[in-house]
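[1] I'll drop the sequence and a predicted model, then ask my questions.
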Amino acid sequence: MLDLRWVVANLDEARRRLLTRGPAAGEALAPIEKLAAERRQLIQSSETQRAEQRKASDQMRTLKGEEQARLRARLKALSDEAKEKEARLKEVEEQIERALLNVPNLPHESVPVGGEQDNAVVRTWGEKPGIAAAKEHTEIGEKLGLLDFERAAKVSGARFVFYRGALARLELALVQFFLDSARERGYLELLPPYLVNADSMRGTGQLPKFEEDLFKTTAGYYLIPTAEVPVTNYHRDEILDGAQLPLEYAAFSPCFRSEAGSYGKDTKGIIRQHQFHKVELVRFEKPENAHAALEELVRDAQAPLQKLGLHHRVVLLSTGDMGFSAEKTYDLEVWLPGQNAYREISSCSTFGDFQARRAQIRFRPAAGEKPRLVATLNGSGLAVGRTVVAILENGQQADGSVVLPEAIRSYMGGLDRLAPA
């Protein structure tokens, strides 16, 4: 959430920066403008009233009799008016804060302005494999008997899948491989809850704006869309010791998304499922270190891709292509020969103090100093199902088998390729 006092004092600047995200982002400020004007009027009126009260109090010492009684009555009326204005000011600020929950984060100055076509490729790693007549992962997996969409549709519905045999083993092997990579790079492993309350969803920015994308239980809990939610809220309503920052966590979890806004998009295969696995990297940083930490986070997310030998690129997203809470985002896009395209496999973002303000996560720079909001960051390290897709398509052989990357073979008991189940 944006800072209330900064927004009402800098409405034109806030609108200018939000409009780089698109018209809807700028319009999100509309409910706040009228409230901000009333807030200014109440503050100015209260200041004028306090000056009148001070003057009247000084006069009280020089008056007697009826004049003093009239002035005392005036002071009482001024006091009652002041209490009413204070109550209304509190109400207006609460309304502004509720409205701010629907306003996206301000893009950082280093983010390119524009839409998806304006995303900037920062660097690439590795080379595209030369595969003649490359097949997509769905065809490869089904012919090997390792993917079963038909029975998953019977059991659950569209956008679910059964993994079979060695492919199920590969999914779980990749989870451990990603966690080992994160641990080697200094992240502390957490195994989080998969159900969270509304306060947690509000803290990371899913609520109130994106409730239709979430699965909610009859008991009022939400299935997590990513481990970012429970891990970021791990320190909700806390004041951290500044000497302990940065704090770096890695967490595996299933992720559940209704994909309400993606009708007809990626409906085939396992690119966009209602349920998938991911290892998430979450960092809590001092604000002045956030952007250097983002560059490091990207390298941490790249590390397992490089070990697997998967060609990919790093893309800096433009203002119009970033997520709601992000201040700056890099996507890692892996090459998929079967689709002849790059596809996102990780998204790494810094949120500044946007999430920390919502979740009240602060740190004390030193003993006796006033607490400050932390900067939060997270990134996929990596999306497991999409890594399976990349391995299937990049490792496909003419005989229909799939050669596994050498780095994952020890996690597979020495298995070097996927053959028919």
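    Yes, it's here.
[2] now the helices: where do they sit in the chain?
    All helices of the chain, identified by DSSP state H, fall at 4-9, 11-19, 23-27, 30-60, 65-100, 137-143, 149-155, 165-184, 198-204, 228-232, 290-307, 354-359, 384-394, 406-409.
[3] Throw these into JSON lines and include distance to residue 243 and mean pLDDT, thanks.
    C-beta here means a position set from N, CA and C on the backbone, and glycine is covered the same way. Output for the helices of the chain, formatted as JSON lines (distance: least, CB to CB, whole Å; pLDDT from 0 to 100):
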{"stretch": "helix 4-9", "distance to residue 243": "28", "mean pLDDT": "94"}
{"stretch": "helix 11-19", "distance to residue 243": "33", "mean pLDDT": "96"}
{"stretch": "helix 23-27", "distance to residue 243": "37", "mean pLDDT": "95"}
{"stretch": "helix 30-60", "distance to residue 243": "37", "mean pLDDT": "85"}
{"stretch": "helix 65-100", "distance to residue 243": "31", "mean pLDDT": "85"}
{"stretch": "helix 137-143", "distance to residue 243": "47", "mean pLDDT": "98"}
{"stretch": "helix 149-155", "distance to residue 243": "49", "mean pLDDT": "98"}
{"stretch": "helix 165-184", "distance to residue 243": "23", "mean pLDDT": "98"}
{"stretch": "helix 198-204", "distance to residue 243": "24", "mean pLDDT": "98"}
{"stretch": "helix 228-232", "distance to residue 243": "21", "mean pLDDT": "98"}
{"stretch": "helix 290-307", "distance to residue 243": "17", "mean pLDDT": "98"}
{"stretch": "helix 354-359", "distance to residue 243": "18", "mean pLDDT": "98"}
{"stretch": "helix 384-394", "distance to residue 243": "35", "mean pLDDT": "98"}
{"stretch": "helix 406-409", "distance to residue 243": "36", "mean pLDDT": "98"}
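[4] Would you format the ones you listed as a markdown table with mean neighbour count and distance to residue 212 included?
    Compiled in a markdown table, these are given as follows (neighbours: other CB atoms under 10 Å; distance: least, CB to CB, whole Å):
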| stretch | mean neighbour count | distance to residue 212 |
| --- | --- | --- |
| helix 4-9 | 16 | 26 |
| helix 11-19 | 16 | 22 |
| helix 23-27 | 14 | 16 |
| helix 30-60 | 14 | 20 |
| helix 65-100 | 13 | 19 |
| helix 137-143 | 20 | 28 |
| helix 149-155 | 13 | 23 |
| helix 165-184 | 19 | 28 |
| helix 198-204 | 21 | 13 |
| helix 228-232 | 27 | 16 |
| helix 290-307 | 20 | 28 |
| helix 354-359 | 24 | 19 |
| helix 384-394 | 25 | 23 |
| helix 406-409 | 15 | 37 |
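[5] Tell me which residues touch residue 220, please.
    Contact analysis of residue 220 by CB atoms under 8 Å, 6 or more residues apart in numbering lists 197, 198.
[6] so how far is residue 196 from it?
    For residue 220, the distance to residue 196 (CB to CB, to the nearest Å) stands at 11 Å.
[7] and residue 412, how many neighbours?
    18 (other CB atoms under 10 Å).
[8] care to break this structure down by domain?
    4-100, 116-418 (automatic domain parsing).
[9] Format these as TSV; extra columns: distance to residue 106.
    Shown next, in TSV, are the domains of the chain (distance: least, CB to CB, whole Å):
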stretch	distance to residue 106
domain 4-100	5
domain 116-418	7
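[10] For residue 108, which of those is the nearest?
    domain 116-418 (4.4 Å; CB to CB).
[11] what about the closest one, distance to the chain center?
    11 Å (CA atoms, centre = their mean, to the nearest Å).
[12] Kindly check the end-to-end length of it for me.
    36 Å (CA to CA, to the nearest Å).
[13] what do you get for stretch 212-229?
    Rule used - CA to CA; the end-to-end distance of stretch 212-229 is 16 Å.
[14] which of the residues in that stretch are buried?
    The neighbour-count check on stretch 212-229 (16 or more other CB atoms under 10 Å) flags 214, 221, 222, 223, 224, 225, 226, 227, 228, 229 as buried.
[15] ditto for stretch 111-120
    Applying 16+ other CB under 10 Å to stretch 111-120 flags 111, 119 as buried.
[16] hang on, residue 225 packs against residue 259?
    No: with contacts defined as CB atoms under 8 Å, residue 225 does not count as touching residue 259, sitting 10.0 Å away.
[17] Grab the nearest non-local neighbour of residue 233.
    residue 200 (4.2 Å; CB to CB, 6 or more residues apart in numbering).
[18] What distance do you get for the one you found to residue 236?
    7 Å.
[19] What residues does the spatially most central residue of the chain make contact with?
    Centroid-nearest residue in the chain, with CA atoms, centre = their mean: residue 325, separated by 5.6 Å. The contact partners of residue 325, taken as CB under 8 Å, 6+ apart, are 104, 105, 204, 205, 349, 351, 354, 355.
[20] count of residues packed around the closest residue to it other than its chain neighbours?
    Ranked by CB to CB, 6+ apart and with sequence neighbours excluded, the top spatial neighbour of residue 325 is residue 205, at 3.7 Å. Counted with other CB under 10 Å, residues neighbouring residue 205 total 25.
[21] Next up, the contacts around the closest residue to residue 192 other than its chain neighbours.
    The shortest distance from residue 192 to any residue other than its chain neighbours is 3.7 Å, reached at residue 230 (CB to CB, 6+ apart). Listed by CB under 8 Å, 6+ apart, the contact partners of residue 230 are 192, 193, 194, 196, 200, 224, 251, 253.
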